[in-house]
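Visitor: Fold the stuff below for me.
(2 chains)
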Amino acid sequence: MKIHEYQAKELYRKYGVPAPEGSVAFTPDEARAVAEKLGGYPVVVKAQIHAGGRGKGGGVKLAKSLEEVGTLAGEIIGMNLVTHQTGPQGQTVRKVLVEQGLNIAKELYLSILPDRATATNVIMASEAGGMDIEAVAADTPEKIIKVHVDPLLGIQGYHCRQVAFGLNIPVAAMKEFTKLLANLYKLFVQTDCSLVEINPLVLTADDRVIALDAKVDIDSNALYRHKEILEYRDTDEEDPLEVEASEYNLNYINLGGGGKCRRRDGGERVPHHPQRPQRQRHPDQHFRRHPALRRAGPGRGGSGQESGSESTRGGAHGRHQRGSGPAHPGRIGPEPDHRQEPEGRGPENSGDRRIVSPFCFLALMGEREQKYN
Amino acid sequence: MSIFVDNNTRLLVQGITGREGQFHTRQCIEYGTNVVAGVTPGKGGQKMDDVPVFNCVAEARAKAGANCAMIFVPPPFAADAIMEAADAGVELIVCITEGIPVMDMMKVKNYIKNKPVRLIGPNCPGIITPGECKVGIMPGPTHKPGGPIGVVSRSGTLTYEVVHQLTQQGIGQTTCLGIGGDPVNGTNFIDCLEAFQADDDTTGIVMVGEIGGDAEEKAAAFIKENVTKPVVGFIAGLTAPPGRRMGHAGAIVSGGSGTAQGKIDAMKACGIHVCENLGTLGELCASVF
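Guide: Okay, here's the model as predicted:
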């Protein structure tokens, strides 16, 4: 899951990774109010969207006065920002981050991500900060330092020193840098990130190290244990069809054009409540049981409210909420027949049946096929 | 002959009393797999059909003599289940569970690194030696026993599709396995290719890859150096947009690396017969093998 820069910086501060002072603003007035509280100018106004390359697209501006903060915020909020990551259609900006400008001596690059081949966490750093790191990696790979950290061991002092010396951090800033890196690693592990990236990490004229930008991606599979991170989800930044699909726990990606079906594949979604009473299902019942079809309305036991909260749960979990009745902890095996859904209560018999997009059915069929083959 | 599982496999199922665990255990037994034990903490002493249930893997292994574990434990507890099985000395662990956090799997992978165990998966359909033993969730009747082709894949349903097309062409399989769609998994392509190369009954290999990571590129280089048997390859995800996870946690093109085209080019360069249209894979196999 992607989160905004201002949210990432909240996490950074929580874990002791220094970030510039500042706050998010949804209107030019709010932006001015934030700027007034900061300690003087320049102030930076940064568009908050889930995509990189905002500076080049005109979404990051420097303001030298309070008036300018309001003007720039007014220009940026509501603009359609097009960057190399948004695609040609761009993304509407709904909020800005207003923060203190810094006296920058040097721009560095620092990130941590899991390395799938070695099953270690790799710290990547470079003196060529502030640039497109993928271009640096392709053209001048020798400028990138990689330090692998064994996940069972965790980050050690020598890892930090290796990175610090590789980046030619001045002695005066060494202690602060190693502390920052150790804290960033802690954040990475404790919040189950799939990426933390600071580009640029700046070295100020007075030898402080500050995360000027902040990117954090969270492993979606681990969200069940990070309820606080789920609050950061911004559905405005996602494709509306994908948001709708996710409400039904469907794994769907809009490819544009005619192809609109994704099906779950690979392993098996094992429900989070393995000990809930089981009941035997006929394959045909699968459709009726699906949350998408349970919004059916009167006589359905208020299932409409239930399905609204299901987007926050993982996997097939949601499908177990209804009809589970009293638990029989001792018994194993299918529930007796009386637990089967009474005839005539399926969606095909309900009055105000909700129309479900065809892709839901396609995805369901994939799921059903797999379960019963 | 076959790889990893055969008539001597004695299976224990972790999470045997859950919905998926029960259903697929029955399917495996029906196929002919020797299921000797199940494990669900707190349900020791009970039975699932005729299979004795134990509280922990060590006990199940000691009392039932299991040498293979199949895991149907929900994601929050699956990493723990794998490590429990590894610690109990189970030689082959097949983890079906999808959705295990990467951070957990990295710990697991480092934990089992120096242990004499093989992990298949997670997020995989399992492994089957047609006619002998099925450890997983694949449709058994689709497979044709007797060989001579080995199938290894990162995808579940694509494996079934490939196997179906082979069977339609009258080509049987020695062993078919999915290695899982997660970024960090146990057995990789190279392990399987090595095993198929060493298996006398396997005369050809089908390898199905997908976007994300560089496992296919590494496997292609390995094939060029070490595999003398013909290999047919397919890569899923030619139309995948960059930066999006395509169903599998590991199926993501990041920073221009891990693209389907890159993998196809690498495989072609190493002498693999790459199939560009999945619908024609069976025919291609018939002409190559």
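Visitor: Am I right that B:C176 is in a strand?
Guide: Yes: membership of B:C176 in a strand is supported by DSSP: H, G, I helix; E, B strand; the rest coil.
Visitor: Look up how far chain A lies from it.
Guide: 14 Å (CB to the nearest CB, to the nearest Å). For the C-beta atoms, the positions are set from N, CA and C on the backbone; glycine is no exception.
Visitor: Not counting sequence-adjacent ones, nearest residue to that residue?
Guide: Leaving aside its chain neighbours, B:C176 sits nearest to B:V151 (4.0 Å; criterion: CB to CB, 6 or more residues apart in numbering or on different chains).
Visitor: Tell me who's in contact with the one you found.
Guide: Neighbour list for B:V151: B:159, B:162-163, B:166, B:173, B:175-177, B:205-206, B:208 [criterion: CB atoms under 8 Å, 6 or more residues apart in numbering or on different chains].
Visitor: Also A:A47?
Guide: Contacts of A:A47 (CB under 8 Å, 6+ apart): A:54, A:59-60, A:76, A:79, A:81, A:93, A:96.
Visitor: B:P101 too?
Guide: B:P101 touches A:192, A:219, A:221-222, A:225, B:75, B:79, counting by CB under 8 Å, 6+ apart.
Visitor: related to what we said a few turns ago, who does the residue nearest to B:C176 bridge with?
Guide: B:C176, B:V206 (DSSP bridges).
Visitor: Do a quick rundown of the strands in the stretch 151-300 of chain A.
Guide: A:193-204, A:209-211, A:215-218 (DSSP state E, counting those that start in this stretch).
Visitor: Verify the stated contact: A:E127 with A:L167.
Guide: Yes: judged on CB atoms under 8 Å, A:E127 makes contact with A:L167 at a distance of 5.8 Å.
Visitor: Please identify every residue contacting each of the two.
Guide: A:L108.
Visitor: How many neighbouring residues does A:K56 have?
Guide: 12 (other CB atoms under 10 Å in any protein chain shown).
Visitor: Shouldn't it be within a helix?
Guide: No: A:K56 is assigned coil when assessed by three-state DSSP, not a helix.
Visitor: Compare neighbour counts for A:E127 and A:L167 and give me the winner.
Guide: A:L167 (22 against 16).
Visitor: show me the contacts for the more buried one.
Guide: Neighbours of A:L167 in contact, by CB under 8 Å, 6+ apart: A:108, A:125-127, A:145, A:177.
Visitor: Looking at the residues you listed, spot the one nearest B:K113.
Guide: Set against B:K113, the nearest of those by CB to CB is A:I145 (24.8 Å).
Visitor: Tell me which other helices or strands whatever helix or strand the closest one lives in touches.
Guide: Per DSSP states H and E, A:I145 falls inside strand A:144-149. Strand A:144-149 makes packing contacts with strand A:120-126, helix A:133-139, helix A:157-166 when contacts are defined by 3 or more CB pairs under 8 Å, 6 or more residues apart in numbering or on different chains; DSSP states H and E.
Visitor: which residues sit against it?
Guide: Contacts of strand A:144-149 (CB under 8 Å, 6+ apart): A:109, A:115, A:118, A:120-126, A:133, A:136-137, A:155-156, A:159, A:162-163, A:166-167, A:185.
Visitor: Just the CA coordinates for stretch A:191-201, please, in PDB.
Guide: This file holds the C-alpha atoms of stretch A:191-201, laid out as PDB (Å, rounded to 0.1, in the frame of the first residue of the first chain):
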ATOM      1  CA  THR A 191       5.700  -1.400  10.100                       C
ATOM      2  CA  ASP A 192       6.300  -4.100   7.500                       C
ATOM      3  CA  CYS A 193       7.500  -1.800   4.700                       C
ATOM      4  CA  SER A 194       8.200  -3.000   1.200                       C
ATOM      5  CA  LEU A 195      10.200   0.200   0.700                       C
ATOM      6  CA  VAL A 196      11.400   3.200   2.600                       C
ATOM      7  CA  GLU A 197      13.100   5.700   0.500                       C
ATOM      8  CA  ILE A 198      14.600   9.200   1.200                       C
ATOM      9  CA  ASN A 199      15.500  11.100  -1.900                       C
ATOM     10  CA  PRO A 200      17.000  13.400  -1.200                       C
ATOM     11  CA  LEU A 201      18.300  13.000   2.300                       C
END
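Visitor: Averaged pLDDT, that stretch. What do you get?
Guide: Stretch A:191-201 carries an average pLDDT of 95.
Visitor: Show me the contact partners of that stretch.
Guide: A:8, A:11, A:107-114, A:129-131, A:133, A:180, A:184, A:187-188, A:209-219, A:222-223, A:225-226, A:229, B:101-103.
Visitor: From those residues, list the buried ones, please.
Guide: Those of the contacts of stretch A:191-201 that meet the buried threshold are A:8, A:11, A:107-114, A:129-130, A:133, A:180, A:184, A:187-188, A:209-219, A:222-223, A:226, A:229, B:101-103, by 16 or more other CB atoms under 10 Å in any protein chain shown.
Visitor: In helices only, show me those.
Guide: Per DSSP state H, helices hold the following members of the buried ones among the contacts of stretch A:191-201: A:8, A:11, A:133, A:180, A:184, A:187-188, A:229, B:102-103.
Visitor: Please parse chain B into its domains.
Guide: B:10-120, B:139-288 (automatic domain parsing).
Visitor: I'd like these as CSV, with mean pLDDT appended.
Guide: CSV is the format used below for the domains of chain B (pLDDT from 0 to 100):
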stretch, mean pLDDT
domain B:10-120, 95
domain B:139-288, 93
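Visitor: can you list these in CSV and add distance to B:F4?
Guide: Listed next are these as CSV, based on distance: least, CB to CB, whole Å:
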stretch, distance to B:F4
domain B:10-120, 6
domain B:139-288, 7
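Visitor: out of the ones you listed, which comes closest to A:I253?
Guide: domain B:139-288 (5.6 Å).
Visitor: For that closest one, measure first residue to last.
Guide: From its first residue to its last, domain B:139-288 covers 25 Å (CA to CA, to the nearest Å).
Visitor: for stretch A:100-107, same thing?
Guide: For stretch A:100-107, the end-to-end distance is 16 Å (CA to CA).
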